[in-house]
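S.K.: structural data only, the sequence is not supplied:
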Ligand SMILES: NC(=O)c1ccc[n+]([C@@H]2O[C@H](COP(=O)([O-])OP(=O)(O)OC[C@H]3O[C@@H](n4cnc5c(N)ncnc54)[C@H](OP(=O)(O)O)[C@@H]3O)[C@@H](O)[C@H]2O)c1
């Protein structure tokens, strides 16, 4: 268990997940943080990361920094996604190990699982068949990170864990027009259509794919819970275990934003995988379950979008 005054380093605390973990830790009474922005410490720089860990010597590390992007960003920059994420992870995890960090939690993503996996996807389906090509580089980097945690545990007896979240959304999301994930992209799209009085909004595919979405504050609660209650080599899935179609999601976002025009489906664009759902029974068996429903989470996200114009522009 982390003590309330344990020295905690949240890597990536300005990002959506890192900022949610920091909020949750503060809510639970933790108070001793080490925080470095990307410009203060580039985690790709091995020497800088080693020096940082040597001088700061954190007790616990949440590794939520990553080069993240949606399908377009990922497929356009495969090499950069692989290099940046691989270097960043290896530098942080290895420096944590060398300086005796008590426990580290590594954030991955459900894209580590095979393109065609039995649904819902269990932790044990990792590396059982081929990855999705569009984010293969990112997935391989994430698999390397979680495997490095496992191998350190097995070779040196460390207590490093990993968690694999489903699609996330919430405060501090990235609303970039082409480089964002589906929920923030839809929020921006419907908001701009509402402001412009556009009669219709065009969405990709036919709206039939089934997806799972988790509110980032729920994930943050689970991350802190796992840091205090879980040890093991196998990763832990983070999700709701509930799915909606992209059509249902789009309608819900339109309703949340107050867009009253038509939604048109461009079926010349790809749908992507028909169904992607995590099996969350492992987290539930440990005693944790999500509590924010999509409707409520989307309201909070849209408020955040409206109240943080700088973020909406990035
Ligand atoms: N968002 C999702 O839907 C989702 C789903 C599943 C898993 N995850 C996982 O959650 C983690 C965090 O994602 P997120 O959505 O919070 O992303 P995010 O909002 O983009 O945050 C990532 C943070 O990492 C920082 N960072 C990137 N490269 C860095 C570097 N070289 N040195 C130092 N800091 C660096 C970024 O800083 P700058 O912005 O200044 O570059 C940013 O603050 C990732 O591991 C991701 O795979 C996210």
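M.R.: Everything's here; your move. Here the structure is a predicted model, which is why all the values come from computation and not from measurement.

S.K.: ok, now how distant is residue 236 from residue 174?
M.R.: Residue 236 sits 24 Å away from residue 174, going by Cβ to Cβ, to the nearest Å. (Glycine included, C-beta is placed from N, CA and C.)

S.K.: distance of the residue in the stretch 201-314 of the chain that the ligand sits nearest to from residue 152?
M.R.: Across the stretch 201-314 of the chain, the shortest distance to the ligand (Cβ to the nearest ligand atom) belongs to residue 216, at 7.5 Å. Distance, residue 216 to residue 152, by Cβ to Cβ: 27 Å.

S.K.: kindly report the same for residue 277.
M.R.: For residue 277, the distance to residue 152 - Cβ to Cβ - is 30 Å.

S.K.: contacts only, for residue 282.
M.R.: Taking Cβ atoms under 8 Å, 6 or more residues apart in numbering, we find residue 282 in contact with 122, 123, 236, 237.

S.K.: the helix or strand containing it: which residues count as buried?
M.R.: Assigned by DSSP states H and E, residue 282 belongs to helix 281-286. Buried residues in helix 281-286, counted by 16 or more other Cβ atoms under 10 Å: 282, 283.

S.K.: is the following helix or strand past that helix up against the ligand anywhere?
M.R.: The helix or strand immediately downstream of helix 281-286 is helix 294-307, counting by DSSP H and E. No: on the criterion Cβ under 6 Å from any ligand atom, helix 294-307 is out of touch with the ligand, staying 11.8 Å away.

S.K.: try stretch 119-136
M.R.: No: with Cβ under 6 Å from any ligand atom as the criterion, the ligand is not reached by stretch 119-136; the gap is at least 10.0 Å.

S.K.: same question for stretch 192-211.
M.R.: No: on the criterion Cβ under 6 Å from any ligand atom, stretch 192-211 is out of touch with the ligand, staying 10.9 Å away.

S.K.: hmm, the residue of the stretch 201-314 of the chain closest to the ligand is touching residue 167, no?
M.R.: No: Residue 216 is not in contact with residue 167 according to Cβ atoms under 8 Å; the separation is 10.4 Å.

S.K.: so for those two, which residue has more residues nearby?
M.R.: Set residue 216 next to residue 167 and count neighbours by other Cβ atoms under 10 Å: residue 216 wins out with 27 against 18.

S.K.: how close does the more buried one sit to residue 183?
M.R.: From residue 216 across to residue 183, the span is 10 Å (Cβ to Cβ).

S.K.: give the residues shared as contacts by these two.
M.R.: In contact with both residue 216 and residue 183: 169, 173, using Cβ under 8 Å, 6+ apart.

S.K.: distance of residue 73 relative to the ligand?
M.R.: 10 Å (Cβ to the nearest ligand atom, to the nearest Å).

S.K.: three-state assignment of that residue?
M.R.: With DSSP: H, G, I helix; E, B strand; the rest coil as the basis, residue 73 sits in helix.

S.K.: how about the closest residue to it other than its chain neighbours, phi and psi?
M.R.: Spatial nearest neighbour of residue 73, excluding adjacent residues (Cβ to Cβ, 6 or more residues apart in numbering): residue 179 at 4.1 Å. Taking degrees, to the nearest 10, you get phi -100, psi 20 for the backbone angles of residue 179.
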